[in-house]
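Q: any chance you can model this:
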Amino acid sequence: MYLLCYGRSESAKKTGQRLIDGIGGRWIDGDEFLSGGSVLPDMTGDTAIVMLLPLEAAVRITREMIPESMRRLPVICVSAEGLFAVVIRKGGAKEAVSCLGIYDEIKKILGDKCFTKFGGSADIGGSLSDVAKRLNMAVSNTELLEKVDERLKKGLPVRIFTDLKVAYGDPVLDPMIYDLRKYPADMKEEFIKQYYRSRLEAQKEDSAPDVFITCAKLEGITDSGVLGLVPRIMSIGMEQRTRTDPEYAAEGIRASLENHMIEPLAVSTVAVPYTTRENETSKKVAEELGAQIVSYESAELNGARPPLKMTFAPEKINDTATAAAYLASGGGDIVIRRSSAVSGMVFSLAVKKGALLLS
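A: Prediction:
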């Protein structure tokens with residue numbers, strides 16, 4: 001016998017591991033349901049999918065998510081605590097013969113206390129606190145974050161709005177709790193309008209807080225009734241052409257970011273040429289933004305290939321600021337290019353490559 005176990009709460013992991021240790025098998029994830037490319041042991045009718053989830057979630061996944069290549073397998077739902085088990089689908093003709101045998105083995109491992117109650121909705125819930133911590137996000141209001149987590153623990157959905165590249169960490173379970181609304185770059189104005197709509201809705205009694213995951217500057221977010229999460233995924237590349245007062249430069253860059261509607265808290269890295277890494281201006285800008293300094297040799301900057309023309313000025317071959325930002329972001333998208341924050345200094349801004357995993 002071989003079990004393909006699926007679940008994610010701590011209690012589900014413990015119960016599932018008991019079944020795997022006692023019967024045999026392995027864990028699977030949501031990607032295997034969507035892709036249908038999972039390699040299974042020889043299909044002799046003794047393999048079953050075991051979903052350690054609330055019954056309603058397991059039924060929905062069985063009906064809507066399991067790919068054709070896995071549809072002949074029996075599906076058995078087991079509550080995360082191991083107090084309930086039921087056959088949802090017996091599988092194909094051959095597989096149905098051994099389905100009840102597998103089910104009996106599961107019952108033996110779960111013990112006499114099995115079948116007394118269903119699993120709770122918390123078994124598919126998430127924690128935005130964990131997401132914020134993992135992605136090093138700045139939180140606008142910790143009390144609202146706790147309120148959102150309480151909803152998720154009860155299995156209640158939360159609306160999330162974002163203008164960033166965000167993806168579900170688990171493409172099967174996460175859509176059941178996170179109602180994700182994505183805004184492309186050319187709909188920035190609509191994104192801001194939604195923020196103000198959410199602020200108005202937050203004034204209603206017992207309204208669920210909306211969540212905005214963004215690097216955009218949202219005015220008044222801390223006391224708006226809307227939860228703002230700012231991932232530190234921006235990199236500034238700086239090019240100093242003349243001596244500049246450090247305080248003046250730091251204040252100028254902060255003001256310039258806000259004028260571009262970028263939240264300064266989103267900046268994690270200040271990237272400069274190696275020759276200016278110990279420069280007082282570089283240090284002051286990094287201190288002002290709460291960021292770290294990284295530096296690059298001339299050869300690295302000259303070899304960088306951002307996905308755009310390096311400069312608007314034909315006579316200038318290398319764009320140091322943009323190259324530095326691009327390298328620090330790991331090859332991400334350029335958000336601001338060669339902005340003159342203060343006299344004698346320009347900066348570019350890039351966002352880290354890849355999507356944020358929401359799970």
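
Q: in the stretch 201-350 of the chain, where is pLDDT below threshold?
A: 308-318 (pLDDT under 70).

Q: for it, which segments count as helices?
A: Taking DSSP state H, counting those that start in this stretch, the helices of the stretch 201-350 of the chain run over residues 246-259, 280-289, 298-303, 320-328.

Q: just name the most buried of those.
A: helix 320-328 (a mean of 27; mean count of other Cβ atoms under 10 Å). For glycine as for every other residue, the C-beta is placed from the backbone atoms N, C-alpha and C.

Q: gap between that one and the chain center?
A: 25 Å (Cα atoms, centre = their mean, to the nearest Å).

Q: using PDB, write down the CA coordinates of that helix.
A: Extracted as PDB, the C-alpha positions of helix 320-328 are listed here (Å, rounded to 0.1, in the frame of the first residue of the first chain):
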ATOM      1  CA  THR A 320      26.100  53.400 -13.500                       C
ATOM      2  CA  ALA A 321      23.100  54.000 -11.300                       C
ATOM      3  CA  THR A 322      20.800  51.700 -13.400                       C
ATOM      4  CA  ALA A 323      23.400  49.000 -13.700                       C
ATOM      5  CA  ALA A 324      24.000  49.000  -9.900                       C
ATOM      6  CA  ALA A 325      20.200  48.900  -9.100                       C
ATOM      7  CA  TYR A 326      19.800  46.100 -11.700                       C
ATOM      8  CA  LEU A 327      22.600  44.000 -10.200                       C
ATOM      9  CA  ALA A 328      21.400  44.500  -6.600                       C
END
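
Q: other SSEs contacting that helix?
A: Counting contacts by 3 or more Cβ pairs under 8 Å, 6 or more residues apart in numbering; DSSP states H and E, helix 320-328 packs against strand 234-240, strand 267-273, strand 292-296, helix 298-303, strand 333-342, strand 345-351.

Q: now the longest one, how far from the centre of its chain.
A: Between the centre of strand 333-342 and the centre of its host chain there is 26 Å, according to Cα atoms, centre = their mean.

Q: what angle do strand 234-240 and that strand make with each other?
A: 40 degrees (axes from the mean of the first three to the mean of the last three Cα atoms, to 10 degrees).

Q: okay, the angle between strand 333-342 and helix 246-259?
A: Strand 333-342 runs at 130 degrees relative to helix 246-259, counting by the same axes, to 10 degrees.

Q: now the shortest one
A: An angle of 100 degrees separates the directions of strand 292-296 and helix 246-259 when computed by the same axes, to 10 degrees.

Q: could you pick out the longest helix of the protein?
A: As assigned by DSSP state H, the longest helix anywhere in the chain is helix 93-110.

Q: what is the next helix-or-strand element following that helix packed up against?
A: Next helix or strand after helix 93-110 toward the C-terminus (DSSP states H and E): helix 128-134. If you count contacts as 3+ Cβ pairs under 8 Å, 6+ apart, helix 128-134 packs onto helix 142-153, strand 227-231.

Q: pick the most deeply packed of those.
A: Comparing the helices and strands packed on helix 128-134 by mean count of other Cβ under 10 Å gives strand 227-231 as most buried, with a mean of 25.

Q: orientation of that one relative to helix 142-153 in degrees?
A: 100 degrees.

Q: tell me the strands beside strand 227-231, with direction?
A: Partners of strand 227-231 in the sheet, by DSSP bridges, are strand 137-139 (antiparallel), strand 211-213 (parallel).

Q: go through those and pick out the most buried.
A: Highest mean neighbour count among the strands paired with strand 227-231 (mean count of other Cβ under 10 Å): strand 211-213, a mean of 25.

Q: name the surrounding residues that touch it.
A: Defining contact as Cβ atoms under 8 Å, 6 or more residues apart in numbering, one finds that strand 211-213 is touched by 128, 137, 148, 158-162, 164, 166, 195, 198, 218, 221, 226-231, 356, 358.

Q: wait, residue 293 touches residue 277, no?
A: Yes - counting by Cβ atoms under 8 Å, residue 277 is a contact partner of residue 293 at 6.0 Å.

Q: these two: which has the busier surroundings?
A: residue 293 (19 against 15; other Cβ atoms under 10 Å).

Q: gap between the more buried one and residue 269?
A: 8 Å (Cβ to Cβ, to the nearest Å).

Q: list the contacts of the residue lying closest to residue 285 once chain neighbours are set aside.
A: Spatial nearest neighbour of residue 285, excluding adjacent residues (Cβ to Cβ, 6 or more residues apart in numbering): residue 250 at 4.8 Å. When contacts are counted by Cβ under 8 Å, 6+ apart, residue 250 touches 281, 284, 285, 287, 288, 289.

Q: you'd agree residue 65 is up against residue 33?
A: Yes - between residue 65 and residue 33 there is a contact at 4.8 Å, judged by Cβ under 8 Å.

Q: overlap in contacts of those two?
A: residue 172.

Q: higher neighbour count, these two?
A: Neighbour totals were compared for residue 65 and residue 33, and residue 33 leads with 22 against 15 (other Cβ under 10 Å).

Q: what does the host helix or strand of the more buried one contact?
A: If you go by DSSP H and E, residue 33 is part of helix 30-35. With Cβ under 8 Å, 6+ apart as the test, helix 30-35 has contacts from 6, 38, 61, 65-67, 70, 168, 170-174.

Q: which stretches of the stretch 51-200 of the chain have low pLDDT?
A: Counting by pLDDT under 70, the stretch 51-200 of the chain shows low-confidence ranges at 93, 113-125.

Q: switch the cut-off to 50
A: Along the stretch 51-200 of the chain, no part satisfies pLDDT under 50.

Q: coming back round to it: among the helices and strands packed on helix 320-328, show me which one is buried the most.
A: For these, the highest mean count by mean count of other Cβ under 10 Å goes to strand 234-240, at a mean of 27.
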